[in-house]
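Chemist: Below are the sequence and a predicted model for it; my questions follow.
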There are 2 protein chains.
Amino acid sequence: MSTREIRQTLFAQFAVVADALAHSSRLALLELLAQGERDVETLSGLLGLSVASTSQHLQRLKHAGLVSVQRHGRRRIYRLASDEVSALVLNIGRVAEASLASVEKIVNQQLRAQDELPPVSTDELARLSARRAVVIVDVRPAEEYAAAHLPGAVNIPLDALRREMSRLPQDREIIVYCRGPYCLLALDAMRMLRRHHYRVRRLEESVSEWRRAGLPVEHGITTAMTGSA
Amino acid sequence: MSTREIRQTLFAQFAVVADALAHSSRLALLELLAQGERDVETLSGLLGLSVASTSQHLQRLKHAGLVSVQRHGRRRIYRLASDEVSALVLNIGRVAEASLASVEKIVNQQLRAQDELPPVSTDELARLSARRAVVIVDVRPAEEYAAAHLPGAVNIPLDALRREMSRLPQDREIIVYCRGPYCLLALDAMRMLRRHHYRVRRLEESVSEWRRAGLPVEHGITTAMTGSA
DNA sequence: TTTATATTCAATAAGTCTGTTGAATGATAG
DNA sequence: CTATCATTCAACAGACTTATTGAATATAAA
């Protein structure tokens, strides 16, 4: 096999992966699955796609080795094949943001315009947190929270927020965060809390950036509401 | 704009990037461009594609913001828009290798079977290099070598190898390396040197892995042949 | 000028991808 | 053992992609 043939074959396989990523619905599915495993119907509901279409996209993702399925009664539960996959989606996002002016525009105008208040940086949060001036809320699903979260953050997944909102104090500022710049959970949480007259801002970065900044993270489950647990 | 609409718009833009990556020839073009800027004809020759086809693929990549062009006489010189782009291609490769059994097979059978001798690990190379037992040859283009290279490595880009081969001693083992697991330059170099009766092995990893292992790297230009310059 | 050359453009035919149907599986519940 | 429900499958039309032509641009050399 010549170098050229090897290259061909190898890149043809890489293209299988890239092909699987090359559709907005499939990227959205991967982003949802990064938040936790889900069955077909739930996914189709969340994205507003037909069940058949959702199923077909999921099968394409599976064929490319990006997700795996497990039967559970008459449901099939899809999940990401590995964490590398969601890192890859983020990587594409970063390149798109750097390369396509249109993405930056959306990110700035839409994501950022939602905040009348500017998002909080890791630095600023570190200071606020040290003074116990704020309550930090991690709106990701429980498994992700358990894997790693900001010190003192309480976990209230978006699904549970309406129900558990009353646990949050009205007299301190709330800082919400989720998975990073393209994770829209924090935005939804912010909207919901503001409607109930909480003072809320959102952390701009994610746990991985927090960690990359050399700041400590916690593991496991915390239930206390007081701050640096 | 609702969260769902933002998601849609954002992921549609991400899909533009993924779409551009979703073809083996375009991935191969990016890999070549990662080695240095090139004009259309050269690229078409290296990949064995028609000029028209190459041009169209390059325009697609440009449209997705992954490469940029610059006119130079009647040629157009294409180059990667940023280093992020080649990181993204590597990222896809890593996911493909993890997710698709067929890729691992190719990597093992083809890339690795070329070596009758197993490739050298960073650890082993560090030992060999300390004893000045080997000559290390970096076969990447000069700019990449200048940016960072292994201590004591000489730079002989693949293009120049046939011409400059005589600078290499016949009585010491040669270790070649290039950009990482999917870089085929080192393989070509190894074949060529073996045809001329050199003892050659190839480093399994790349400069970035070397650095990640906590080992030192050198910058700038080295011309000496003796080892730890 | 005219000629050569590198690249792009435009048109085409063959192939691939998508979303939508409605029917087929296959597991559970009654 | 029948009904129900979640999912997949199969088939189709409409839209994109791709490689291949040969013609069109636009720069440089003669």
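Modeler: Looks like it arrived, so ask away.
Chemist: Just the CA coordinates for the longest helix along chain A, please, in CSV.
Modeler: Longest among the helix segments of chain A by residue count, using DSSP state H, is helix A:3-21. Extracted C-alpha coordinates of helix A:3-21, given in CSV (Å, rounded to 0.1, in the frame of the first residue of the first chain):
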residue,chain,number,x,y,z
THR,A,3,1.6,6.4,1.2
ARG,A,4,-1.1,7.9,-1.1
GLU,A,5,-3.4,4.9,-0.7
ILE,A,6,-2.9,4.9,3.1
ARG,A,7,-3.7,8.5,3.2
GLN,A,8,-6.8,8.0,1.1
THR,A,9,-8.1,5.2,3.3
LEU,A,10,-7.3,6.9,6.5
PHE,A,11,-8.9,10.2,5.5
ALA,A,12,-11.9,8.4,4.1
GLN,A,13,-12.5,7.0,7.6
PHE,A,14,-12.0,10.4,9.2
ALA,A,15,-14.6,11.7,6.7
VAL,A,16,-17.1,9.2,8.0
VAL,A,17,-16.9,11.0,11.4
ALA,A,18,-16.9,14.5,9.8
ASP,A,19,-19.9,13.5,7.7
ALA,A,20,-21.8,12.4,10.8
LEU,A,21,-21.1,15.9,12.3
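Chemist: Report whether the helix or strand following that helix contacts DNA strand C.
Modeler: Using DSSP states H and E, the helix or strand that follows helix A:3-21 in sequence is helix A:24-34. Yes - using C-beta under 7 Å from any atom of the strand, helix A:24-34 comes into contact with DNA strand C via A:25, A:26. Every C-beta, even on glycine, is put in place using the N, C-alpha and C of the backbone.
Chemist: circling back: okay, the angle between the longest helix of chain A and helix B:24-34?
Modeler: 110 degrees (axes from the mean of the first three to the mean of the last three C-alpha atoms, to 10 degrees).
Chemist: Just the buried residues of helix A:3-21, please?
Modeler: A:6-21 (16 or more other C-beta atoms under 10 Å in any protein chain shown).
Chemist: Next: stretch A:71-89.
Modeler: Quick answer for stretch A:71-89 (16+ other C-beta under 10 Å): A:78, A:80, A:81, A:82, A:84, A:85, A:86, A:88, A:89.
Chemist: before we move on, the earlier item: which two in the buried residues of helix A:3-21 are spaced the farthest apart?
Modeler: Greatest spatial distance in the buried residues of helix A:3-21: A:6 and A:21, 23.3 Å, computed using C-beta to C-beta.
Chemist: quick one on the thing from earlier: other SSEs contacting the longest helix of chain A?
Modeler: Applying 3 or more C-beta pairs under 8 Å, 6 or more residues apart in numbering or on different chains; DSSP states H and E, one finds that helix A:3-21 contacts helix A:24-34, helix A:51-63, helix A:83-99, helix B:3-21, helix B:24-34, helix B:83-99, helix B:101-106, helix B:185-195.
Chemist: pLDDT averaged over it - what is it?
Modeler: Mean pLDDT, helix A:3-21: 88.
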